[in-house]
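Colleague: Here is a sequence together with a model predicted from it:
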Amino acid sequence: MTNNYDILIVGGGHNGLICAAYLARAGKRVCVLEARGSFGGAAATEAITDKCRASTGAQFLYQLHPQIIADLALEKHGLRYARRNLPTTVLATDGKHLTINHDQLTGENVSAADQQAFSEFMDEMQAFAKIIGKLIDQPPMDIFDLDWDDKINSVKLGWALRFGLGKTRMRELLRIIGMTMFDLADEKFDNDLLKGALSFDSVLGTQFGARSSGNVLKYLFRHALSNKSEMDLPYGGMGSVVNAIEKSAAEAGVGLRSNAKVKSIDVENCRVVGVTLENGEKLIAGTVISNTDIRTTVLDLVGSRHFEADFVHATTNVRMRGVAAKLHLVLSEAPDFNGLDPELMKGRLLIAPSAEEVELAYNAVKYGELSERPLMEISIPSLCDDTVFDGDSDGDGDCHLLNATVQYAPYALKGGWNDENRAELIERCITQLERYSPDIRGKIQHVELLTPLDLEKRFGLKAGDWDHGEMALDQMLILRPVPGSSRYNLPLDGLHLCGASAHPGGGVMGAAGRNAARMILKGEAK
Amino acid sequence: MKKYDAIVIGAGHNGLTNAAFLAKAGLNVVVVEKNDYIGGASVSRNIHDDWTYSNCSYVCSLFRPEIYRNLELGKHGLQIINIGGGATLMENGDFLGSYEDHEVSRRELIRHSPRDADAYDRFSTDMAKWCRFIRPFLLRTPADPTSFRPRDIQELIYLGRKFYDLGQKDLHHFLRFFTASISDYLDQYFESDVLKASLAGSGIIGTGLGPMSPGTAYVLLHHYMGDMDGSVGSWGFARGGMGSIANALAGSLKEHGGEIRTGQGVEQIIVKNGKATGVALENGDEIHANIVVSNLDAKRTFLGIMDPKDAGEKVVKAAKNFKSRGSSGKVNIALNGAPRFDALPQGSDLVNGFIHVTDSIERMERAYDDWKAGTWSKDPYLDMLVPTYADPTMAPPGKHFMSVFVQYCPSKLTAAEHNGEDWTDKTVTAFGETVLNQISKYSTNFRDLVEHVEVRTPREIEAEIGLTDGNIFQGELTMDQLMFNRPFPGYAQYRGPVKGMYMCGSSTHPGGGVMAAPGANAAREILLDLKRPNTVPEDEGDD
Amino acid sequence: MNNLAQNAGIKQDHYLQTIKKTPFYNRQKEWDKVNQWHRWGEYTVCDVFESIAKEYFAIRNSASLFDLTPMSKYRIKGPDALAFMNRLVTRDMSKIKVGRVAYVIWCDDAGQVLDDGTIFRLGENEYRLCSQERQLEILKRNAIGFDVEFWEETDEVAAISFQGPVTCRILRNMGFSDVETLKLFDLRYFDFQGEQILISRTGFTGDLGYELMVSPDKAEALWDAIFEAGKDYAVRPIGGNALELARVEAGFLQAGVDFLPANETIRPGCTRSPYELGMHWLVKLDKGVTFNGRRALINEQKNGSRYRFVKLDVEGNKTACNAYLFDRKNGKSIGATTSTAWAPSAKKNVALGYVEMPHGKSGDVVWAEIYYQKELKWNRVWAKCLVVDKPFWDPERKRLTPPADF
């Protein structure tokens, strides 16, 4: 029995590893326990066919905190990029695509007014993102429970808000923060594809639509850490990012145990004493940090009886409703999107033709149905990453992988998921792709679809929710994951949270893990 | 020519309230109204024979009691009668009744879900908390959060204090409430679909949002925070129709020496040297005064009766971006007898209250999907009331007036099915038919009783009373258009872009509903600028 | 999992019946001379049958019957029943054996009291919870993750409180053998006319007494049997007014009067913690398992309470009804009275109330400003109040087992 750890971390997703690495670097003896054979959770590179490996969960890297990359020396530990600063191209059925590159728009239908407005918009968003970035970097502040750091931070924040932004922009931020992207984009732009792209970025992963208030804040969160909305494709898929974090953690002395599924977090006399693994092994530690979502942590691993009833009730009210599926298509040759420039194909492709289409796709999911014309976020990693294929299935060396995040496909599909509606979703996706790439069907050699239910089974994402709790106004900041527990500690002595359920939420961001580590160290210093 | 101290444009209830308080302070005030009658949306009219229709607004709860008392509206003929109970009729033939008696209401809930019966008490307590929190703000001017003026800082401290007073747990809960959708919020309390639907209705009335849209929980509160004689959340109707409110306000105004000119639409606000100096009327006349107050909505004010050069680029842009989509229709019906709702037991007095027919959030949300698509709801949410059961003045004996509020109905028909054709008399009639059919589904004798129908889509509402796109709140009640953001940031303190020009309509804080608070708040600000003694009452509080 | 009360049986036209009658109603009506009734939950119950004095002295001198049927009653059973109850309430429920009744309070997460009541341990995994307020939503909220089922049984149980010095004698006359061996807070089933009757030695009067629960169709038979067996002992039904007098005299708290259930308060600061109600003995912070309010109560122990609940022996004979309490005459207002009475047995002017900390320690003196009316004329008087820690009325016979005959 190994009892020589101070801290156990349940779940080896990126946040768990990052949290562990920071704690270990501060001198703690930490062990990360991962249920699967490999670390990383939904940031994974896995086999799609026997010859094809790619990111099966998250696929783009755009939010990983620069401070974390530096602190954990991730580049030294092997973080490499297949391609950086990806442009986003919003596909059009008529071939008049729109490409967004930082604050530049290119495409046949881009008006000078839109270009001008978009540059101004991005400039403003960057200014706002700085404020949001400050919020992301620190635990949420509770006016009833401010420590000195909070007081200093709140003064800094107030200063940045009023003087950093200036009066006009501060007013604008306070106006748009609760707004819908549908309206905001409509105020500023004419181009439907642009409005579609902005809407898509505001709703990804949530059961909300373009017209749902508050999605602008979600958009701001998404952009807060990405300098000018840059996006990268990591070389070797998302799994390689995790490998780098893993190596950094190992170097810092973190114990890493895979295939160590935690059955329960154990409690004695109202405090955490350790965990029990599925195989019956018991590990002892006075501090347990859960990288799983709050519901799994509270209801399944600890058990609701060790918490007070109002807290349990609040936990059951955390909305988790996965709406995104993953689609992996192995193609016999590169797809053609109505003549889209091959260089741009190496970027990020969106099927989100207008804000109205985003909203229309959302309509279905409200009633537990599949979108008729699903939205997609696509990469073709094989165009710039030679690790994707280990030889073709047809041997001619030009196979490609189309990696798509598909929305909306509800976890709680009416009638439940079965082969029939899985086939239906695949068909709807391919039909949707055909609108933009008419000959694509003939090129498909292999199809893999991961529904939200599959994502739950494979990665342990409860209810298929990538964000461990929907990113919506009423579940963000001080209200995340549940009011009163937003500062990485749960109301049980020795138990903490470091995953996406905690502030600032989902995305391969690492901020939750880093903030949690800092709060835990601070708590011990007291 | 007579010289006035102040001109109020539009004789809606807020314009009249504003004018009355100014007149009470000794100002020489004139209200100019484009229609031949006053009231704006607070109006009763004889459209058919001996029937009086409250053909726009139809009930009253939000009206500030402090204003009622201060302007002596009772003396000027206003009587607000309590409406008790109501029912949501269900597709399966059952119903959920809301009874005035707590125990009976509870038993009714048990009939649908025993647990929800007790959860309802918790819900009511929580709603009472939010009402108590929000109500003192109704008769206050929102602070400008970017300002360092002592008054704004004081007001921000007051806001902070109020938040702090809620306590940690309730503050968190309130923030969740304020940002949640009514559907998600109710899910935290209840399991019964019909109960959730019956409560969620108040979260969508008048808005361009569905019950699953964040922000609708606040809209529910907006309809909840009123009271009748201290009973929070109760509604009443004005004896003689909603026009009685406008008439009483006019009576009070006149008593204080104010003047009302009807049939005189304003062409433009005259601005000279950056100061408002009067208005030019559509008939060519001019009236002069150093104070010009617009009761029109923000879009009509700044895009309609103000020269863009006077308003300034920033304000014009903000006015263009101000969201004021129409989402509601109204069908007013003269009936030859009392309609019987098949689901309700014979003799049930629930018919005296509000009757709804939408029994699930999903149906409500689907009704919203139709609106988004650019057409009226095919399975509309109806808020029906027959005030003549209690008010003998509005219809001949034995006959009834039925007011039917309809959600959703768009201001423009853009759905494919309409082939690019906006509202026509034919589609207006078709919309009316949809509503009559919906009622008939729940009342077999209804059709035979119909004597006359007045159908009002946002188009008619805009044409008659000038609400842009027929939005009943003079602008949507979304998070980005509340408090210091209403109507736009930097202009939430009732002052317009030029000196001497003010806004007093529901486009300003605290928004729509027959509340009279915007009019009163604007009057307070005007008197402050004039350094005159304030005549506007403060919130009397409930602690 | 949670078998909630069935809604079957409630008809659409239930609204026609706005007032329900308890199974004892018809019998009680025969005693009614002054027509003073009020609503308790859905039922109508009597305030006074004839005279408060007669009814009060039935409690203290002979035997009284009070109809408890409207009290909220819930059955809780299942493998996790003990764990469930232990998480719900502040007491250590593992100490409450089968056949015992526990007086308990329960809190929300913030450590504020939701209600007080009694828990009957009917079996190894079976409990009955009796309370003033309705608890179904709270039980449901608490049941997440527990293998228990529960349902409301208010209407299925006819309950009557039988209190007074001769009650044991009468029960023995009725043939309930060994009933005298019941100790305070014991419960036991007895045979009654082919059915089971639950008798517990509990009550709300601070005197010898029992609570009897049967199925509603045996209610009248039970009533008749008591009067038959007690015909020589001046048994009489009592209304709520006499009971109120007895409970204030005994120093018991009443929800909605002496404190408000935390989930029903709207204004901040109107809730009370167990410590602020003087219920320290009901809170077992170290019972080894989590219970609702535990963390907040630990903090309160550390940081101090806001209020103290006080029993006051008031000078003079004017009851301190709705009176402010002051630190000294004409001094600073520090609290208020919540329940008051002229206690006929203790022959004391008594009051319950709250004061701000650190005032109100046992033996302290606080002052009440009392307003009272004589023939439409209002008078004001300052009264010195002594804080006492013992109940105003606490006779030996309440605990004595077996009880004496009289």
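Modeller: Arrived safely.
Colleague: Residue A:207: what secondary structure?
Modeller: Secondary structure, DSSP: H, G, I helix; E, B strand; the rest coil: residue A:207 is coil.
Colleague: who touches it in this structure?
Modeller: Residue A:207 makes contacts with A:319, A:321, A:323, A:362, A:365, A:366, A:408, A:410, A:470, as judged by CB atoms under 8 Å, 6 or more residues apart in numbering or on different chains. (C-beta placed from N, C-alpha, C; glycine too.)
Colleague: in stretch B:148-155, what counts as buried?
Modeller: B:152, B:155 (16 or more other CB atoms under 10 Å in any protein chain shown).
Colleague: Are it and chain A in contact anywhere?
Modeller: No - Stretch B:148-155 lies apart from chain A when judged by CB under 8 Å from any CB of the partner chain; the minimum separation is 8.9 Å.
Colleague: Give me the distance between the residue lying closest to residue A:100 once chain neighbours are set aside and residue A:204.
Modeller: Closest residue to residue A:100 apart from its sequence neighbours, by CB to CB, 6 or more residues apart in numbering or on different chains: residue A:88 at 4.6 Å. For residue A:88, the distance to residue A:204 (CB to CB, to the nearest Å) stands at 12 Å.
Colleague: now, which of the contacts of residue A:207 lie within helices?
Modeller: Secondary structure from DSSP state H places A:362, A:365, A:366 of the contacts of residue A:207 in helices.
Colleague: out of those, who has the most neighbours?
Modeller: Highest neighbour count within those: residue A:362, with 25 neighbours (other CB atoms under 10 Å in any protein chain shown).
Colleague: isn't that residue right up against residue A:408?
Modeller: Yes - the criterion here is CB atoms under 8 Å, and residue A:362 meets it with residue A:408 at 6.0 Å.
Colleague: what sits in contact with each of these two?
Modeller: Common contact partners of residue A:362 and residue A:408 (CB under 8 Å, 6+ apart): A:207, A:371.
Colleague: ranges for the helices of chain C?
Modeller: C:25-31, C:52-61, C:81-88, C:136-143, C:167-173, C:219-229, C:240-250, C:294-303.
Colleague: which one of those lies closest to chain A?
Modeller: Closest to chain A of the helices of chain C is helix C:136-143 (CB to the nearest CB; 4.4 Å).
Colleague: Just list what the closest one packs against, helices and strands only.
Modeller: Secondary-structure packing of helix C:136-143 (3 or more CB pairs under 8 Å, 6 or more residues apart in numbering or on different chains; DSSP states H and E): helix A:309-316, helix B:114-134, strand C:72-77, helix C:81-88, strand C:149-152.
Colleague: ok, and does the longest one reach over to chain C?
Modeller: Yes - with CB under 8 Å from any CB as the criterion, chain C is reached by helix B:114-134 at B:114, B:115, B:117, B:118, B:119, B:121, B:122, B:125, B:128, B:129, B:132.
Colleague: Out of those, which end up buried?
Modeller: B:114, B:115, B:117, B:118, B:119, B:121, B:122, B:128, B:129, B:132.
Colleague: and the second one, what is it in contact with?
Modeller: The reference is to residue B:115. Neighbouring residues of residue B:115 by CB under 8 Å, 6+ apart: B:191, C:4, C:136, C:137, C:140.
Colleague: Tell me, how many residues neighbour residue 190?
Modeller: By default, I'm working from chain A. Other residues lying near residue A:190 total 14 when counted by other CB under 10 Å.
Colleague: my bad, the chain I had in mind was chain C
Modeller: Neighbour count of residue C:190, defined by other CB under 10 Å: 17.
Colleague: just checking, it touches residue C:210?
Modeller: No - Residue C:190 is beyond contact range of residue C:210, at 10.8 Å (criterion: CB under 8 Å).
Colleague: can you list residues touching both of these two?
Modeller: C:179, C:199.
Colleague: For whichever residue of chain C sits closest to chain B, give its distance to residue B:121.
Modeller: Of all residues in chain C, residue C:137 sits closest to chain B, at 3.7 Å by CB to the nearest CB. Distance of residue C:137 to residue B:121, computed by CB to CB: 8 Å.
Colleague: which residues does the closest residue to chain A within the stretch 101-250 of chain B contact?
Modeller: Residue nearest to chain A within the stretch 101-250 of chain B: residue B:172 (3.2 Å; CB to the nearest CB). By CB under 8 Å, 6+ apart, the contact set of residue B:172 is A:478, A:479, A:483, A:484.
Colleague: got TSV for the residues you listed, with pLDDT and distance to residue C:154 too?
Modeller: Listed next are the contacts of residue B:172 as TSV, based on pLDDT from 0 to 100; distance: CB to CB, whole Å:
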residue	pLDDT	distance to residue C:154
A:478	93	40
A:479	95	37
A:483	92	34
A:484	90	34
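Colleague: now, which of those lie close to chain B?
Modeller: A:478, A:479, A:483, A:484.
Colleague: Which positions in the stretch 251-400 of chain C make contact with chain A?
Modeller: Residues of the stretch 251-400 of chain C lying near chain A (CB under 8 Å from any CB): C:288, C:289, C:290, C:291, C:292, C:293, C:294, C:295.
Colleague: Which residues of the stretch 101-250 of chain C lie near chain B?
Modeller: C:109, C:110, C:134, C:135, C:136, C:137, C:138, C:140, C:152.
Colleague: Is the third one in contact with residue B:122, as I believe?
Modeller: No - with contact taken as CB under 8 Å, residue C:134 and residue B:122 are classed as non-touching, separated by 10.3 Å.
Colleague: how many neighbours does the residue in the stretch 101-250 of chain A that chain B sits nearest to have?
Modeller: Per CB to the nearest CB, residue A:178 is where the stretch 101-250 of chain A lies closest to chain B, at 2.9 Å. For residue A:178, the neighbour count with other CB under 10 Å is 23.
Colleague: how near is it to residue B:180?
Modeller: 12 Å.
Colleague: so what sits against both of the two?
Modeller: Joint contacts of residue A:178 and residue B:180 (CB under 8 Å, 6+ apart) are A:473, B:214.
Colleague: What number of residues are in the vicinity of residue C:44?
Modeller: Neighbour number of residue C:44 under other CB under 10 Å is 18.
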